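Student: Here is a sequence with its predicted model. Questions after.
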Amino acid sequence: MIKNIRHTGIVVSDLEKSLIFYRDLLGFKIIKQMDESGQYLDTVLGLKKTQVTTVKMAVSDGQMIELLFYVSPDNEKKNREVCDVGVSHVAFSVKDVEATYKKLTQGGIEFISTPQVSPNGFAKVVFCKAPEGTFVELVQEL
């Protein structure tokens with residue numbers, strides 16, 4: 001049934017801060033940005049008077065994320081925990097987790113811990129929070 005994973009949608013409360021994180025700090029490239037509204041969108045989302053800016057972003061192998069900034073309807077930022085039911089995080093492979101950790105820390109990004117080597121020695125892993133609160137796992141295979 002499933003051919004591939006098309007993208008991961010991330011609702012953001014501050015598009016500029018999120019672009020700094022995903023584009024400038026993590027290196028995603030903007031593929032397409034557009035303002036969307038109308039009956040079609042209201043129908044497929046089950047919302048009313050939807051106005052959303054979508055930003056599709058990709059890494060070099062074509063894997064994509066989509067940032068969604070809703071102008072309407074209003075939504076509130078909720079403080080999430082990594083163990084909350086539902087989608088808990090998005091994981092990205094990185095070449096050097098220590099260098100990425102340092103760059104993001106200098107960029108003001110909040111981390112749960114410092115990078116840790118997995119018990120089986122396969123990877124070095126660290127979790128941070130994106131500006132909208134999404135947990136992001138950064139993984140370097142060793």
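Tutor: Cool, got the structure.

Student: Which helix in this structure has the most residues?
Tutor: helix 97-106 (DSSP state H).

Student: Render the CA-only coordinates of that helix in CSV, please.
Tutor: This file holds the C-alpha atoms of helix 97-106, laid out as CSV (Å, rounded to 0.1, in the frame of the first residue of the first chain):
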residue,chain,number,x,y,z
VAL,A,97,26.5,14.7,16.4
GLU,A,98,29.0,16.6,18.7
ALA,A,99,29.5,19.3,16.1
THR,A,100,25.8,19.6,15.5
TYR,A,101,25.1,19.7,19.2
LYS,A,102,27.7,22.5,19.6
LYS,A,103,26.2,24.5,16.7
LEU,A,104,22.7,24.2,17.9
THR,A,105,23.6,25.0,21.5
GLN,A,106,25.3,28.1,20.3
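
Student: right, and the helix or strand after that helix?
Tutor: Note on helix 97-106: by DSSP states H and E, the next helix or strand toward the C-terminus is strand 110-111.

Student: Show me what that next one pairs with in its sheet, parallel or antiparallel.
Tutor: strand 123-129 (antiparallel) (DSSP bridges).
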